[in-house]
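Participant: model the following, please.
(chains A, B and C)
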Amino acid sequence: MTDTELFSYAMPSLGADMDEGAVIEWLVEVGDTVERGQVVARVETEKSDIDIETWRGGTVAEIVVGAGETVPVGTVLMHLHANGAEHGPTPLPSPAPTAKPREEISFPLERDNSSRGPRPAPADRAPRVPHETVWASPLARRLAGERGIALLDIDGTGPGGAIRSSDLPELAALQAHSDHPPTAAHENEPRSRTERIRSVIAVRMARSNAEIPHYRLQYDIDLGPLTAHLSTVNAERPIGERIVPAAALVRAVALTAQRHPELNGTWRDGRFRPGLAVNVSVAISLRGGGLVTPTIRHADDVTLDETMRLLREFTTVARTGTLRSEWTAITSSITVTNLGDRGADLVHGLISPPEVALVGFGRIAERPMVVDGVVVARPVVIATLAADHRATDGAIGSRFLSTLANTLQHPEQL
Amino acid sequence: MNCFRLDGLDDATALELLGDMIRIRVFEERCAELYADAKIRGFLHLYIGEEAVAAGVMSALTPDDNVLATYREHGHALLRGVPAESIMAEMFGKATGCSGGRGGSMHLFDAERRFYGGNAIVGGHLPLAVGLALADKMVGRTGVTACFFGEGAMAEGEFHEALNMAALWNLPVLFCCENNRYAMGTSLESSESQVDLAIKAAAYSMPAWAVDGMDPLEVARAARHATGMITAGSGPVFVEFQTYRFRAHSMFDPDLYRSTEEVDQWKQRDPIPALAEWLVEHGRADDIEIAARWEAARSETDRAAAAAEAGPLEPLEGLTDHVTAPARTPDRIGAGR
Amino acid sequence: MTQTIPLNAAGDDTTTIETTYRDAMRTAIRQAMLDDERVFVMGEDVADYGGTYAVTKGLHEEFGRDRVRNTPLSESGFVGAGIGAALGGMRPIVEIMTVNFSLLALDQIVNTAATLRYMSGGQFGVPLVIRMTTGAGRQLAAQHSHSLEAWYAHVPGLRVVAPTTIDDARWMLPTALADPDPVIIFEHNALYAKRGVLDSGRGPVDIERAAIRRAGDDVTLVASAGMVDKAVAASDQLAELGISAEVIDLRSLRPLDASTVQTSVERTHHAVVIDEGWRTAGLSAELSASITERCFWTLDAPVRRVAAAEVPIPYASHLEQHAIPQTDDIVDATTRLLETGR
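Facilitator: Numbering: from 1, shown residues only, chains lettered A, B, ... in the order given. Got it, this is the predicted structure:
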């Protein structure tokens, strides 16, 4: 690997309907070293302002498109020098036991350009799909490029772990939308964000309900120890750093999912495929209606504090419309939905395909519980599990909820 | 030594035959020169020495007859009336050539003059001659289809298939075998079990005989006789013209398979000086008339070479023209009326 | 049994008749001969015998032996004569018993019919129709059963078609006869007895576009000649498995209608090419390459081929059936492609 290897960074497509984007501001400049996943610029699209990040580390060699310019998707925005050490993908944590190691192949990237220096933006060229060091079908590669999805994070189901289009998150819904516009008359009408989100939810949930044979379990969990623990912890913290029970519930689900891999993964092509990691999606309701499901990557390795920070960020950002693609572009392995303090007692949700489990929490309320033969009022949450009967049976689901309940009895270990 | 006989032909015809042979000779000698000059490329097969055959047979044909020839066909094309400019331009690979530079020396064609090539698969055009004659017969057209081929073609299956069908269906084909004794470098004796070629053709129940192909008057008489028979409904006729090429098979051929003595012997029988001498000797033409023929041929060839040189190249955009017809005809056959 | 189909003129009220592929083909020839004096049939045993597959049966009685002309066993000779007759203004239909025998006429077809227009700078065309049977399945072994359509589809200057439906058997011929260039019609031997409904008022059809025989969304099955009906049968089985397969009948092998295939594959993202010919350097290789060139960025899996085993076609029925693609092979290949991406 030479340090003169140049690669380019192009305007990502952040949705099927995005044709162009305007660079609002650059957050890096020539000479800066950027890391994989680092936000490098802010881009304005019809949808919203979006922070775009690079999927490969390097040193910025040239910025081709200046702030304020609007360019089509695929236009080269900047060139970077690859740094030998940062060239490779961030190492994944130990994969789930049954996951196959993926073969990784390096492609030399436009080596011959190094001597010519930076080129002007090739506006007349078709969008170029960057060479990832993963196996993926041409379609998956193209769609991922258009949507700004990082193939590195996806667990492929093709030969040798190759990624096919059906392995791309959110794709089924987006595909269904783009392939079958509701009516011809609406084809050219721009749709609002709410409408678009509604459409995605409609397709996904209809599919879930039609395809997945759900079984549902519920479990009353005593949150006495948790609320007590959080009171102690939060008492010493400023308001902005306090931890709410919702974060602990998400964290507990992540730890539980790690211990029950049968429910952490996806159902594809007639069989269950365990997730490479515990990637927990969190359903966030939007004020205008609809919901989004940003994902916490490797949630079992994310501390409670960090989980809290992410949830706070999700909530804030989801409402202003700038979800970062790193939250949406990876394959989630399980989803948590939490109705919150003012919600209903419990939720019987629909699994988000191709996942096989959804954990729901109702409102936390004082409820009568029998403790040591005496009925007492305790803070209780009713946890529910909606699971795919094709992948597991009730006994496994039941053990999952039981583990979840036990985990929450030891909040200091969260 | 010259013992030509008019025998039914007149003085003018004899002089005409001489003039035709001179045209071919002059044209082809220029071709050899232009080949050496790299103006003409590919294969170039010269007819020099065999001119009496084309001259004699062509003199017996009418514009209604069909002519098919081999890849050694410059002379046949020229005498059939294909303009020398068009032939030379084709050999130069120019757009002004008769095939727009797509055919070259071996593939000269002229639809207007019923000249069907310029065929370079030995024996391959014999079945075509059968088909053309079949079409004429089916629609009631009069006319003879004259098909030239070398003796080498008689070893090909298509020769036998074609003669069989022509005789079976009683078709008006004149099979003209130009026996120059060598199929490229393979002598007749080393390639044919029966070297009396007329016997082979006669086996298909058609009139067949051999004539001296170095005698243009003899060739012309035989051709007239044959076309007369065919027009009268005899069915196909085969004539073997025994001749010799003075030059090698093609410009690539070092001529290793025959002796200089043999070539020189045949050159003694070169029909051009022989007929010229005979015509003058017998007072049927004078030197001035003959010199005028040479001059006319040189002038024709000069013009052709100059025009070919000046002619434009076929544009590259035309590369795929004529692979298939440019537009499909709108009519349909068998759609019902 | 020879069935004479009433000759409905194009433009009449549509009349549908239950008939066979063979009879539809005969009707096409008969109508052409009635319409145009230039049309005649020539080949081995086309008269009294009625043609090897009885396509021309009885025609010599109606049109005479000049126009339904038996030839000697001289494939090169009579194909060449057909070319000559076409040059001479006729519209011959030359029948060759099987594609295997056509190799004896390969010189005439490839060196002459396909080249004359070009070599002559457009001065001469060869409006010739050559019909021949192709394909295995009748236990005729290795010299009567091969599928060599690709050999001809390789050659510029030719048009190559393969009618698979009753309508195409009837209505491709008028277009082929009117074409100014040589057209080779491949008739798969298994199709002659196929029964179906002929739209006798339909009128001539194009001979260069593919047709979608079954619409579908998940995968595109590309087939021709004897493979089309198998592909349709496979699509029925696939439907029961929840897979929606689109079946394309190429109809024309030269020119290949790559754009119809492209449009379909861009939608389904998966292609299975089925060919009764051999895989190596065959029609399936060409189609696969063409799909990859045109559709690379929309493919979600490699193009998959189902082709004949690389053997001369054997005699014994079980071996022969095993050597050529069957409906189950198509179903297997398709399900595997969709499930595992290979």
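Participant: in CSV, list the C-alpha atoms belonging to stretch A:383-393.
Facilitator: Extracted in CSV, the C-alpha atoms of stretch A:383-393 (Å, rounded to 0.1, in the frame of the first residue of the first chain):
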residue,chain,number,x,y,z
ALA,A,383,-42.2,-5.9,28.9
THR,A,384,-43.5,-7.6,25.8
LEU,A,385,-41.7,-9.7,23.2
ALA,A,386,-43.0,-10.1,19.7
ALA,A,387,-41.0,-12.9,18.1
ASP,A,388,-41.0,-14.7,14.7
HIS,A,389,-42.3,-18.2,15.2
ARG,A,390,-40.4,-19.3,12.2
ALA,A,391,-37.2,-18.6,14.0
THR,A,392,-38.0,-19.5,17.6
ASP,A,393,-40.6,-20.9,19.8
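Participant: what about the closest residue to chain C within the stretch 101-250 of chain A, distance to A:Phe272?
Facilitator: Closest approach of the stretch 101-250 of chain A to chain C (CB to the nearest CB) occurs at A:Gly158, with a separation of 3.5 Å. Bear in mind the C-beta positions are built from the backbone N, C-alpha and C, glycine included. To A:Phe272, A:Gly158 is 17 Å away according to CB to CB, to the nearest Å.
Participant: my read is that the residue of the stretch 101-250 of chain A closest to chain C contacts C:Ala301, right?
Facilitator: Yes - assessed by CB atoms under 8 Å, A:Gly158 is found in contact with C:Ala301 at 7.0 Å.
Participant: out of the two, which sits in the busier spot?
Facilitator: Taking other CB atoms under 10 Å in any protein chain shown, A:Gly158 and C:Ala301 do not tie; C:Ala301 has more neighbours (26 against 22).
Participant: are we agreed that that one is in a strand?
Facilitator: No - the assignment for C:Ala301, made by DSSP: H, G, I helix; E, B strand; the rest coil, is coil rather than a strand.
Participant: how about the nearest residue to it, chain neighbours excluded?
Facilitator: Take C:Ala301 and drop its neighbours on the chain: the residue closest to it by CB to CB, 6 or more residues apart in numbering or on different chains is C:Gly341, 4.3 Å away.
Participant: could you count how many residues lie near the one you found?
Facilitator: 25.
Participant: now do the contacts for the residue of the stretch 101-250 of chain A closest to chain C.
Facilitator: A:Trp135, A:Ser137, A:Arg164, A:Asp167, C:Ala301, C:Thr340, C:Gly341, C:Arg342 (CB atoms under 8 Å, 6 or more residues apart in numbering or on different chains).
Participant: which residue is the nearest non-sequential neighbour of B:Gly117?
Facilitator: B:Phe109 is the one closest to B:Gly117 (CB to CB, 6+ apart), at 5.2 Å.
Participant: how close does the closest residue to chain C within the stretch 201-350 of chain A get to C:Leu238?
Facilitator: The minimum distance from the stretch 201-350 of chain A to chain C, using CB to the nearest CB, falls at A:Asp269 (4.9 Å). Going from A:Asp269 to C:Leu238 by CB to CB gives 15 Å.
Participant: next one: A:Val280
Facilitator: Counting by CB to CB - A:Val280 and C:Leu238 are separated by 37 Å.
Participant: when these two are compared, which one has more neighbours?
Facilitator: In this view A:Val280 and C:Leu238 are compared by other CB under 10 Å, and A:Val280 has more residues nearby, 28 against 24.
Participant: that one reaches A:Val250, doesn't it?
Facilitator: Yes - contact criterion CB under 8 Å: A:Val280 and A:Val250 qualify, at 6.2 Å.
Participant: joint contacts of those two?
Facilitator: Overlap of the contact sets of A:Val280 and A:Val250 (by CB under 8 Å, 6+ apart) consists of A:Ile296, A:Ala299, A:Val336.
Participant: domains in chain A, by residue range?
Facilitator: Per automatic domain parsing, the domain ranges recorded for chain A read A:4-83, A:102-169, A:213-413.
Participant: show me what from the stretch 1-150 of chain C comes close to chain A.
Facilitator: By CB under 8 Å from any CB of the partner chain, no residue of the stretch 1-150 of chain C approaches chain A.
Participant: show me where pLDDT drops low in the stretch 1-150 of chain C?
Facilitator: By pLDDT under 70, the low-scoring segments of the stretch 1-150 of chain C are C:1-14.
Participant: in it, what residue comes closest to chain A?
Facilitator: Chain A sits closest to C:Ala150 of the stretch 1-150 of chain C, with a gap of 26.3 Å, by CB to the nearest CB.
Participant: helix or strand for that residue, which one?
Facilitator: Counting by DSSP states H and E, the element that carries C:Ala150 is helix C:149-153.
Participant: the longest helix in chain A is where?
Facilitator: Longest helix of chain A, by residue count under DSSP state H: helix A:193-211.
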